[in-house]
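In: here's my sequence, what's the structure:
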Amino acid sequence: MRCGIIPVWASEIEAFPISVTKTRFPHMVHVGDITRLYGAELPPVDILCGGSPCQDLSVAGARAGLAGARSGLFMEQIRITKELRHADIRRGRPAVLVRPRWFCWENVPGAFSSGTPKYEDFRIVLEEVTGVVCDPVYVPGPYPWTWRPAGQTFLGAAFSMAWRVLDAQYWPGTPQRRRRIYLVADFGGLTAPQILFDQKSLSGYFAQIRAAGQIAPSSAEARPDDAGGVDPMWDLSGSTSRLSHQSAGGDH
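Out: Now for the predicted structure:
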């Protein structure tokens, strides 16, 4: 258990990551290649986390984007999420209790600028995640600007999504600069922005798990790398929602 979360299963095909997770999470089940999985046959989980390989999105790579064979595995994460949720609905679970309720995706900031046209891949990510809980909906892109390092969007009172760039150098054990996008979606409510932006809402819980020795003292106060600005985003049900807009900045 880490931060109150019990890992149930993982999909991985590389030997080294599997060996690491077997050491860190010995009770977690390894289910193999994500392309060969069917969500309805997997144990239900409350949170589904994934970080599709970054090579096709990184500014140091060939920039194949989501069309690439590796970074395109994001679509498999979306498929598994839908299949898990549909299986839970068939079991008769009430809408707000359908699992997974929360979705987390992690990747390099190069995802903000990859795609054809430029910036298109991250727009597709937002659209696909939103499409888990509703009919296809168009999510506008940032044109002619770039994606900001942080933003949020809502669909009425039943769906929220937020993203934020964080830098691992502010957490213990990773002294190097390592910036990553973290995207969180709540398929049953409005907690996504609270999870990523509202530090006070987490401080009490962090204090509890810190006392239990599950995190190092400095990680609860670790700085984000999103000081460059917050994207003005949309309530996709019609009305406009907005975070406080700060000055633009940060690399994409």
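In: so where is the stretch 1-150 of the chain shaky, pLDDT-wise?
Out: Applying pLDDT under 70 to the stretch 1-150 of the chain picks out residues 1, 53-72.
In: so where do the strands sit in it?
Out: Ranges of strands in the stretch 1-150 of the chain, per DSSP state E, counting those that start in this stretch, are 9-10, 29-30, 47-50, 102-107, 150-155.
In: redo these as TSV? Include mean neighbour count and distance to residue 115.
Out: All C-beta atoms are positioned from the backbone trio N, CA, C, and that covers glycine. Shown next, in TSV, are these (neighbours: other C-beta atoms under 10 Å; distance: least, C-beta to C-beta, whole Å):
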stretch	mean neighbour count	distance to residue 115
strand 9-10	16	28
strand 29-30	13	32
strand 47-50	18	19
strand 102-107	20	13
strand 150-155	23	17
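In: so which of the ones you listed gets nearest residue 187?
Out: Of all the strands of the stretch 1-150 of the chain, strand 102-107 sits nearest to residue 187, with 6.8 Å by C-beta to C-beta.
In: and that closest one, what does it pack against?
Out: Counting contacts by 3 or more C-beta pairs under 8 Å, 6 or more residues apart in numbering; DSSP states H and E, strand 102-107 is packed against strand 47-50, helix 74-90, helix 120-130, strand 179-186.
In: can you do 10 Å?
Out: strand 47-50, helix 74-90, helix 120-130, strand 159-167, strand 179-186, helix 192-197 (3 or more C-beta pairs under 10 Å, 6 or more residues apart in numbering; DSSP states H and E).
In: mind checking which of those is nearest residue 13?
Out: helix 74-90 (12.0 Å).
In: kindly export the closest one (C-alpha atoms) in PDB.
Out: Taking Å, rounded to 0.1, in the frame of the first residue of the first chain, the C-alpha atoms of helix 74-90 are listed here in PDB:
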ATOM      1  CA  PHE A  74      -2.700   5.200 -24.900                       C
ATOM      2  CA  MET A  75      -5.600   4.100 -26.900                       C
ATOM      3  CA  GLU A  76      -5.400   0.700 -25.300                       C
ATOM      4  CA  GLN A  77      -5.600   2.300 -21.900                       C
ATOM      5  CA  ILE A  78      -8.800   4.000 -23.000                       C
ATOM      6  CA  ARG A  79     -10.200   0.800 -24.400                       C
ATOM      7  CA  ILE A  80      -9.500  -1.100 -21.200                       C
ATOM      8  CA  THR A  81     -11.100   1.700 -19.100                       C
ATOM      9  CA  LYS A  82     -14.300   1.500 -21.200                       C
ATOM     10  CA  GLU A  83     -14.400  -2.300 -20.900                       C
ATOM     11  CA  LEU A  84     -13.900  -2.200 -17.200                       C
ATOM     12  CA  ARG A  85     -16.600   0.300 -16.700                       C
ATOM     13  CA  HIS A  86     -19.100  -1.400 -19.000                       C
ATOM     14  CA  ALA A  87     -18.600  -4.700 -17.100                       C
ATOM     15  CA  ASP A  88     -19.300  -2.800 -13.800                       C
ATOM     16  CA  ILE A  89     -22.500  -1.300 -15.300                       C
ATOM     17  CA  ARG A  90     -23.600  -4.800 -16.300                       C
END
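In: check which residues of it are buried.
Out: The neighbour-count check on helix 74-90 (16 or more other C-beta atoms under 10 Å) flags 74, 76, 77, 78, 79, 80, 81, 83, 84, 85, 87, 88 as buried.
In: hang on, the earlier thing: same list, the helices and strands packed on strand 102-107, but as CSV with distance to residue 38 please.
Out: Putting the helices and strands packed on strand 102-107 into CSV (distance: least, C-beta to C-beta, whole Å) gives the following:
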stretch, distance to residue 38
strand 47-50, 14
helix 74-90, 6
helix 120-130, 19
strand 159-167, 25
strand 179-186, 22
helix 192-197, 27
